[in-house]
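A.B. asks: pasting a predicted model and its sequence here:
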Amino acid sequence: MQKNLIVALVLSAVIYLIWFTYVVPPQKPQLQNHEQVQSQTVSSDSKSDKKGSAFEAKKVEISDSNYKETEKKIVQKDALFELKNEKARYVFNSDLSLNSLYYQSPVETVDLIIDKNYPFLSVLSGLNYKKISEDTNSITVLAKKDIEIVKNIVISKNNDMNTLFLEFKNNTKNQYVIPPLELSIGPGLNTVKSEEKENTKLVRAIYSYQKEGRKNPVIEKLSGNYNRNDWLWAAMDNRYFLFAVMNDGMFDSIKYFDEDVDGHNFPRISLVTKEIAVPPMSTKKIGIKFYSGPKDYSLLKSFGNGLQLSVDFGFFAPLAKLFDSVLKYFYKLVHNYGVAIILLGLLVQILMLPLSIKSYKAMAIMKKMQPEMKSIQDRYKKDPQRMNMELMQLYKRYGANPFSGCWPMLIQIPIFFALFTTLRNSWNLHGAKFVFWIKDLSAKDPYYILPLLMGALMFLQNYTTPQATTDKTQAAMMKWMPVIFTFMFLAFPSGLVIYWIVNSLFAIVQNYYLRKTQKI
């Protein structure tokens with residue numbers, strides 16, 4: 001990239017932050033904070049009201065009187081059961097609430113459950129359960145309270161969609177009504193070590209719904225209760241991981257809580273079910289599908305329920321998704337994400353070559369014009385109108401446009417931000433090796449070799465680029481820009497630094513070629 005692009009990127013980043021921080025405040029989701037979800041009693045089956053019916057019309061409610069999620073922490077129980085698949089190990093309490101979820105990432109094993117006092121998938125947890133069956137990917141437990149309550153957890157072998165089944169067996173002559181239950185998720189979600197410092201800022205409680213007038217579902221961040229049942233799924237996520245529960249029509253609202261975990265504030269949500277009526281001498285079974293694992297865009301998209309919306313591609317999402325697809329395509333060819341990033345960088349620079357050459361030529365012409373421009377400015381400094389007229393004549397004589405070097409530069413800005421977002425949030429780069437000491441392209445260079453190399457190449461790039469201004473302030477800014485960028489990139493992912501190195505190398509070769517062949 002040309003040095004004007006660097007200036008534009010810095011200025012654009014500042015404007016971007018100011019705009020979205022002060023001018024366009026974040027839109028709040030349409031939530032009603034902490035409204036209580038009202039329980040409604042389902043009327044008895046009309047058949048049981050008829051004279052001569054074999055069943056009593058009496059209706060009994062069943063609830064978990066020993067357990068209220070909204071009032072106290074979930075008491076930790078002894079972890080009794082364990083299930084495994086190719087990527088994860090699930091440890092369950094006696095009630096099949098999830099005590100630990102150990103996910104095997106390419107770099108390390110991560111327990112996604114932050115606080116053991118708050119097991120995930122906790123529902124009807126104040127009952128005395130006993131195991132009735134277990135196999136390689138499934139566990140079933142039973143509790144009795146007026147009616148039989150059976151819980152069955154089924155873990156996918158391929159780490160995709162899992163299912164929690166709740167079964168209510170009514171062997172009596174009464175109709176039983178189970179009031180709204182609450183399924184707990186959170187607080188927060190753990191992550192890999194390289195992300196731990198940022199995790200408190202990155203963890204979100206989110207939900208997806210079909211917004212009126214939109215073709216595809218959208219996602220919103222929760223900051224309070226959501227008292228509608230039109231949501232498609234609700235989840236806890238961070239940069240790399242997602243724990244999501246699908247709403248197949250059995251859930252009603254979402255309750256939101258802020259919880260303190262070791263001095264850090266994390267969100268927690270409870271998914272509130274609708275009432276469940278169980279007629280006499282019958283069984284009612286419901287299935288709750290959930291996903292727990294990495295935010296792999298391709299995998300999430302394959303589910304067909306919009307979970308891929310949780311992957312943040314930023315403001316230039318369509319462009320970022322395109323780059324993500326191209327990056328994966330190159331990886332299939334070379335089987336190394338570091339090399340794939342280099343190929344992606346070269347492809348982008350080749351596509352932008354006509355604009356880069358045009359920008360370079362415009363800067364070279366402006367450099368030639370500088371002495372005459374300075375002379376005009378000095379001569380007519382007391383007559384701005386005449387000075388502008390003379391400058392326009394000068395531009396006309398040289399066939400130059402003062403903005404001709406800007407448009408190519410501005411077009412490259414969304415490309416940079418899209419690539420930045422793609423490389424910063426890509427799960428595929430986590431644990432992806434490049435060469436030698438670079439063992440994880442999603443983490444910073446542990447020895448800072450790549451950022452220092454990048455800074456040196458930026459100095460060389462400055463030397464080969466025409467100086468289009470005689471202004472001392474701008475010249476000093478350009479001189480110190482490599483130093484500023486070097487310090488910025490010290491903490492950036494290695495993959496992003498590699499991309500910038502490719503940019504600088506390409507620009508150096510391009511500038512050298514133009515100098516030699518076109519004498520500019």
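C.D. replies: Perfect, I can see it now. Since the structure is predicted, the reported quantities are computational estimates derived from the model, not experimental observations.
A.B. asks: from here on, just use CA atoms for contacts and neighbour counts.
C.D. replies: Fine.
A.B. asks: what about K382, how many neighbours?
C.D. replies: 10 (other Cα atoms under 10 Å).
A.B. asks: which SS class is it?
C.D. replies: Put simply, K382 is coil when judged by DSSP: H, G, I helix; E, B strand; the rest coil.
A.B. asks: now do it against I376, distance only.
C.D. replies: K382 sits 11 Å away from I376, going by Cα to Cα, to the nearest Å.
A.B. asks: can you check V348 too?
C.D. replies: Applying Cα to Cα to V348 and I376 gives a distance of 40 Å.
A.B. asks: next: L453.
C.D. replies: Counting by Cα to Cα, the gap from L453 to I376 is 41 Å.
A.B. asks: what about those two, which has more around it?
C.D. replies: Shown here are L453 and I376; by other Cα under 10 Å, I376 has more neighbours (18 against 14).
A.B. asks: which residue packs closest to D258, ignoring adjacent ones?
C.D. replies: Using Cα to Cα, 6 or more residues apart in numbering and skipping the chain neighbours, the partner closest in space to D258 is P267 (4.7 Å).
A.B. asks: check for me that that neighbour belongs to a strand.
C.D. replies: Yes: judged by three-state DSSP, P267 forms part of a strand.
A.B. asks: and the pLDDT for it?
C.D. replies: Predicted confidence (pLDDT) for P267: 97.
A.B. asks: just checking, it touches G186?
C.D. replies: Yes: P267 lies in contact with G186 (Cα atoms under 8 Å); the separation is 6.7 Å.
A.B. asks: settle it for me: which of those two has more neighbours?
C.D. replies: G186 (27 against 23).
A.B. asks: export the longest strand along the chain as PDB, just CAs?
C.D. replies: If you go by DSSP state E, the chain has its longest strand at strand 282-294. Only the C-alpha atoms of strand 282-294 are listed here, as PDB (Å, rounded to 0.1, in the frame of the first residue of the first chain):
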ATOM      1  CA  SER A 282     -49.900 -40.200  28.700                       C
ATOM      2  CA  THR A 283     -46.300 -39.000  28.100                       C
ATOM      3  CA  LYS A 284     -45.100 -35.600  26.900                       C
ATOM      4  CA  LYS A 285     -41.600 -35.500  25.400                       C
ATOM      5  CA  ILE A 286     -39.700 -32.400  24.200                       C
ATOM      6  CA  GLY A 287     -36.200 -32.000  22.600                       C
ATOM      7  CA  ILE A 288     -33.900 -29.100  23.100                       C
ATOM      8  CA  LYS A 289     -31.200 -28.800  20.500                       C
ATOM      9  CA  PHE A 290     -27.900 -27.000  21.400                       C
ATOM     10  CA  TYR A 291     -24.500 -26.400  19.900                       C
ATOM     11  CA  SER A 292     -21.300 -26.000  21.800                       C
ATOM     12  CA  GLY A 293     -18.000 -25.400  20.100                       C
ATOM     13  CA  PRO A 294     -15.900 -23.100  17.900                       C
END
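A.B. asks: helices and strands around it, which ones?
C.D. replies: Other helices and strands packing on strand 282-294, by 3 or more Cα pairs under 8 Å, 6 or more residues apart in numbering; DSSP states H and E, are strand 161-170, strand 241-246.
A.B. asks: can you spell out which helices and strands pack onto the first one?
C.D. replies: In other words, strand 161-170. In terms of contact count using 3+ Cα pairs under 8 Å, 6+ apart, strand 161-170 is assigned the packing partners strand 147-154, strand 276-278, strand 282-294.
A.B. asks: for whichever helix or strand comes after the longest one, which positions count as buried?
C.D. replies: Per DSSP states H and E, the first helix or strand lying C-terminal to strand 282-294 is helix 297-302. Residues 297, 300 are the ones in helix 297-302 that count as buried (16 or more other Cα atoms under 10 Å).
A.B. asks: appreciated, that's everything.
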